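# Fold the stuff below for me.
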Amino acid sequence: MRQTRFPVFAGVLAALAVASSAQGQAKSSLGKPDAESAETFTRVAGIRELASGKVLVVDPSDKVVQLVDLAGGTMTKVGREGQGPGEYGLPFVLLGIPGEQTLLYDIAGRRFLTIGQDGKPGPILEMPRPPVPQGGAGGPVVAFGLTIPRGVDAQGRIYFEGSPFTPTGASADSVPIMRWDRVKPVFDTVGYLTLPKGNAVSSGGGGRFTVRIGGGKVYAPAEAWDVAGDGRVARLLPSPYRVIWFDKGKPMPGPVQPYSPIKVTQAEKDQYTENLKKQKPIVMSIGGGGGGGTSQQVTQPPPEFEETMPPFTGRGAVLATPDGEVWVLRTRSAGNKIPSYDVFDKTGTLVKQVSLNPNSRVVGFGKGTVYVARSDEDDLQYLQRYKRP
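Numbering: from 1, shown residues only. Here you go, the predicted model:
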């Protein structure tokens, strides 16, 4: 009898421990912002807090970078659109590097523009090009050999996600998370990310091809990642829901978090479709050697939906702080207007849950601060700054 009861008793204790852990998370809300921009943006893609307290903001929809003084209520344009010195074609990512400098990644020019602490444009840093695979002209594996930079650590090393294509142009099962040390210079691989089936599809040839990235059903579970200031990479798994930290190449899994999938109803489908109408497709033409060009078009097929939602979705749902927390935007039903973030610590343990105000999302972090983009009734966005809970 004792041998029969003991496993049951142990199972009850384990269940109670999980329930206690889930219920014992600290919950907080951001409340009222310390400051908000006087002017609006079309789409805040990222920020970079400077030592002066001013903030660089990149808006790819308007193809502009602004230096925002939240205390003074002013906003100054940085650089301008173009292909020359101090110019950019499509600004997309801001990366803080040592020396109080910022690298602006220009996705159209495939290069970085240096921005000083005063907000003035500086030298241009060329994006490294991946080698052409042996025995082939390359195709999408060359054009997308290094995708958009995802993050940077305190040493100024830049992190990328590798190509979603094999050298033959087929869709890859996994991609490397790569790190570029600009000083040495050298590339190394710090981990791998598993891709969902049908994530990337290419067609065409002869210097012209079409690619589709992020295909598959809407709300299909997909991994995401980001890098903290100390160079550790956080890999988020949707099933089972957990964080795996990569520290010097060694995976360190955190505990599995309980999750009840949210059913996708017609309300969620309608909301997704409405949001999709507001987005513009990305079409780029990247020139090649000898005056030729490689045309790339990123397209989206008509949406098909999973029956349930994973705990998070999209690359922008996962953001690491400079000091090693990971904030994960949770999926929610169409009737739930309050965005909520799970916050994990350096061990991958869920330590708190933070709620935002409606129509808001986290866009970046500073020293003890969190920056949020708030959308108004016209879908224009204001930049807000809060003390980080």
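# contacts, neighbours, all on C-alpha from now
Noted.
# which residues are contacting stretch 357-370?
Under the criterion C-alpha atoms under 8 Å, 6 or more residues apart in numbering, residues 29-31, 44-49, 319, 321-322, 337-339, 371-376, 385-388 lie in contact with stretch 357-370.
# Buried among those residues? Need that as a selection in ChimeraX.
Entered in ChimeraX, the line below selects the buried ones among the contacts of stretch 357-370, by 16 or more other C-alpha atoms under 10 Å:
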select :30,44,45,46,47,48,49,319,321,322,339,371,372,373,374,375,385,386,387
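# quick one: terminal-to-terminal distance for stretch 36-46?
Criterion C-alpha to C-alpha, to the nearest Å; first-to-last residue distance in stretch 36-46 is 16 Å.
# helices and strands around the helix or strand that Leu113 is a member of, which ones?
Leu113 belongs to strand 111-115 when assigned by DSSP states H and E. For strand 111-115, the elements it packs on are strand 101-106, strand 121-126, judged by 3 or more C-alpha pairs under 8 Å, 6 or more residues apart in numbering; DSSP states H and E.
# Direction included, what does the last one pair up with?
Put plainly, it is strand 121-126. Partners of strand 121-126 in the sheet, by DSSP bridges, are strand 111-115 (antiparallel).
# what does the first one give?
Sheet pairing of strand 101-106 (DSSP bridges) gives strand 91-97 (antiparallel), strand 111-115 (antiparallel).
# Buried residues in stretch 261-272, which are they?
Val264, Glu268, Lys269.
# What residues does the second one make contact with?
It stands for Glu268. The contact partners of Glu268, taken as C-alpha under 8 Å, 6+ apart, are Ser333, Ala334.
# so of the contacts of stretch 357-370, which ones are in helices?
Counting by DSSP state H, none of the members of the contacts of stretch 357-370 fall within helices.
# Among the contacts of stretch 357-370, name the ones in strands.
If you go by DSSP state E, the contacts of stretch 357-370 have 29, 46-49, 319, 371-375, 385-387 in strands.
# Can you add pLDDT and distance to Pro358 and give the residues you listed back as a markdown table?
Converted to a markdown table, these look like this (pLDDT from 0 to 100; distance: C-alpha to C-alpha, whole Å):
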| residue | pLDDT | distance to Pro358 |
| --- | --- | --- |
| Ser29 | 95 | 11 |
| Gly46 | 96 | 19 |
| Ile47 | 98 | 20 |
| Arg48 | 97 | 23 |
| Glu49 | 97 | 24 |
| Leu319 | 98 | 19 |
| Tyr371 | 98 | 15 |
| Val372 | 98 | 11 |
| Ala373 | 98 | 11 |
| Arg374 | 97 | 8 |
| Ser375 | 95 | 9 |
| Arg385 | 98 | 15 |
| Tyr386 | 98 | 15 |
| Lys387 | 97 | 18 |
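# now the residues you listed as CSV including distance to Arg110?
Converted to CSV, those look like this (distance: C-alpha to C-alpha, whole Å):
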residue, distance to Arg110
Ser29, 39
Gly46, 18
Ile47, 19
Arg48, 20
Glu49, 24
Leu319, 23
Tyr371, 27
Val372, 27
Ala373, 26
Arg374, 29
Ser375, 30
Arg385, 30
Tyr386, 33
Lys387, 35
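# Name the residues that touch the strand holding Leu113?
86-88, 101-106, 121-127.
# how does it look with 6 Å?
Contacts to strand 111-115, defined as C-alpha atoms under 6 Å, 6 or more residues apart in numbering, come from residues 101-106, 121-127.
# Mark which of the residues you listed are buried, thanks.
Buried among these by 16+ other C-alpha under 10 Å: Gln101, Thr102, Leu103, Leu104, Tyr105, Asp106, Pro121, Gly122, Ile124.
# Spatially nearest residue to the fifth one (excluding sequence neighbours)?
Spatial nearest neighbour of Tyr105, chain neighbours left out: Phe112 (4.5 Å); criterion: C-alpha to C-alpha, 6 or more residues apart in numbering.
# Surely Pro91 is in contact with Pro60?
Yes: look at Pro91 against Pro60 with C-alpha atoms under 6 Å: they come within range, at 5.5 Å.
# the more surrounded of these two?
Per other C-alpha atoms under 10 Å, whichever of Pro91 and Pro60 has more neighbours is Pro91, with 28 against 21.
# how far away is that one from Asp69?
Using C-alpha to C-alpha, which is the criterion applied here, Pro91 is 20 Å from Asp69.
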